[in-house]
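> Below are the sequence and a predicted model; questions follow.
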Amino acid sequence: MLSLNRVSKQYGNFMALEEIDLEFTQGVYALLAPNGAGKTTLIKMLATLIFPTKGEILWNGDDIIALDAAYRDLIGYLPQDFGYYRNHTPREFLRYMAAVKCLKREQVAQRIDELLDLVGLSDVRDKKMRKFSGGMIQRVGIAQAMLNNPRILILDEPTAGLDPKERVRFRNLISSLSKDRIVILSTHIVSDIETIASSVILIKDRRLFAQDSPGSICQQLNGKIFETDAVDDLDIPHLLLTERQENGQTITRFASEQGSGEARSVTPNLEDVFLYVYRDEER
Ligand SMILES: Nc1ncnc2c1ncn2[C@@H]1O[C@H](COP(=O)(O)OP(=O)(O)OP(=O)(O)O)[C@@H](O)[C@H]1O
Ligand SMILES: [Mg+2]
């Protein structure tokens, strides 16, 4: 088990995260928060690239900083902006990363081919990456993070720049990778994790706001989410969430403490929660 005990991170005088308590056992943990909320800060601490100002991060009770290389052997990490040589092929890039990670040469070749197969890049394993789509690059990134078959796979905004088809493919891949490990990923895009996250972590105002299954998180808004096709007639305090077109009508979804006339009560989804929780943040 990986756990954070009252972890705070300060950059100079700026407090980025404050007294975060978290536990990770197995499954997909989605760090869902708007830009600048501290997702990368948290992830870099988990990857031991930066260190908590206060508090501790423990792997099965041992401080990850003290575990040092033994901990790093357990993790795979995809940074928010991962660097690669455009003229490398996926195979060359993975060979290079395996050398950086000091993996044993004899095991590497087969592992690389297995991983490229897993992420669906076998066909292009010897093509230069300069012509790859965003989704293909991200899959190479996931493959390099998987080289050491990590117990803990940490992905910072792995879906940035993916098209809809690539997003579906990504979700399936992450689901399959999470069977026997901890996967921690950050995103501010709800649909990327709604169906695959076993646990959603919301950070707000530098602190942990909630950690729960998507279903339980959504339940917090039970009875507070409504839809109407006559938003202009609403006479109650409300927060506009989303709009959609249906049979030529504009259906407006909103949050309110109370119902009103024609408005239908609907089941809250994770997007509602995100818009509601971060309602005061700039968009
Ligand atoms: N090295 C640093 N020095 C000073 N402030 C920093 C540093 N790194 C991050 N910050 C600040 O800490 C806050 C959290 O940044 P962080 O990158 O962790 O957020 P994020 O949730 O990953 O954002 P994004 O969605 O844009 O990637 C921001 O206000 C950022 O400006
Ligand atoms: Mg970030």
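Received the coordinates, thanks. Ligands and ions are numbered 1, 2, ... in the order given.
> for the host helix or strand of G215, packing partners?
If you go by DSSP states H and E, G215 is part of helix 214-219. Helices and strands touching helix 214-219, by 3 or more C-beta pairs under 8 Å, 6 or more residues apart in numbering; DSSP states H and E, are strand 199-204, helix 270-277. For every residue, glycine as well, the C-beta is placed using N, CA and C.
> number of nearby residues for E243?
12 (other C-beta atoms under 10 Å).
> Oops, could you answer that again for R86 instead?
10.
> Would you agree it is in contact with I137?
No: here R86 lies out of contact with I137, judged by C-beta atoms under 8 Å, at a distance of 9.7 Å.
> between these two, what contacts are shared?
Shared contacts of R86 and I137 (C-beta atoms under 8 Å, 6 or more residues apart in numbering): M129.
> Of the helices and strands packed on helix 214-219, which stretch is the most buried?
Of all the helices and strands packed on helix 214-219, strand 199-204 has the most neighbours on average by mean count of other C-beta atoms under 10 Å, namely a mean of 22.
> And the contacts of that strand?
Counting by C-beta under 8 Å, 6+ apart, 17, 20, 22, 27-33, 37-39, 42, 193, 208-214, 217, 270, 273, 277-278 sit against strand 199-204.
> partners of that strand in the sheet?
strand 27-32 (parallel), strand 207-212 (antiparallel) (DSSP bridges).
> how about the strands of the stretch 101-250 of the chain, start to end?
Assigned by DSSP state E, counting those that start in this stretch, the stretch 101-250 of the chain shows strands spanning 152-156, 182-187, 199-204, 207-212, 225-228, 239-246, 249-255.
> what's the second one packed up against?
Here strand 182-187 is seen to pack against strand 27-32, helix 39-46, strand 152-156, helix 164-177 when contacts are counted using 3+ C-beta pairs under 8 Å, 6+ apart.
> Let's see that with 7 Å instead.
strand 27-32, helix 39-46, strand 152-156 (3 or more C-beta pairs under 7 Å, 6 or more residues apart in numbering; DSSP states H and E).
> contacting residues around the shortest one?
The set of residues external to strand 152-156 that reach it, using C-beta atoms under 7 Å, 6 or more residues apart in numbering, is 2, 40, 43, 46-47, 74-80, 142, 145-146, 177, 181-186.
> So how do I select the buried members of the residues you listed in ChimeraX?
Buried members of these, defined by 16 or more other C-beta atoms under 10 Å, are picked up in ChimeraX with:
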select :2,40,43,46,47,74,75,76,77,78,79,142,145,146,177,181,182,183,184,185,186
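> filter the contacts of strand 152-156 down to the ones near ligand 1?
Checking the contacts of strand 152-156 against ligand 1 by C-beta under 6 Å from any ligand atom, the ones in range are T40, Q80.
> rewinding a little: pull out the buried positions in the helix holding G215.
Quick answer for helix 214-219 (16+ other C-beta under 10 Å): P214, I217, C218.
> Check the stretch 151-283 of the chain for the residue nearest ligand 1 and tell me.
H188 (5.7 Å; C-beta to the nearest ligand atom).
> what number of residues lie near that residue?
By the criterion of other C-beta under 10 Å, H188 has 18 neighbours.
> what's the nearest residue to it if we skip its chain neighbours?
P34 (5.5 Å; C-beta to C-beta, 6 or more residues apart in numbering).
> One more: A230?
A230's closest residue in space is E262 (C-beta to C-beta, 6+ apart), at 6.0 Å.
> Can you say which helix or strand has the one you found in it?
Per DSSP H and E, there is no helix or strand for E262.
> For the lowest-mean-pLDDT helix or strand in the chain, which helices and strands make contact with it?
Across the helices and strands of the chain, mean confidence by mean pLDDT, DSSP states H and E is lowest for helix 164-177: a mean of 88. Applying 3+ C-beta pairs under 7 Å, 6+ apart, we find helix 164-177 packed against helix 134-145.
> burial measure for R264, as a count.
Neighbours of R264 (other C-beta under 10 Å): 12.
> I figured it hits I225, correct?
No: R264 lies out of contact with I225 (C-beta atoms under 7 Å); the separation is 9.7 Å.
> can you tell me the residue of the chain closest to ligand 2?
Nearest residue of the chain to ligand 2: T40, at 3.1 Å (C-beta to the ion).
> Wait, C218 touches V273, no?
Yes: C218 is within contact range of V273, at 5.9 Å (criterion: C-beta under 7 Å).
> Would you mind splitting this protein into its domains for me?
2-217, 223-266 (automatic domain parsing).
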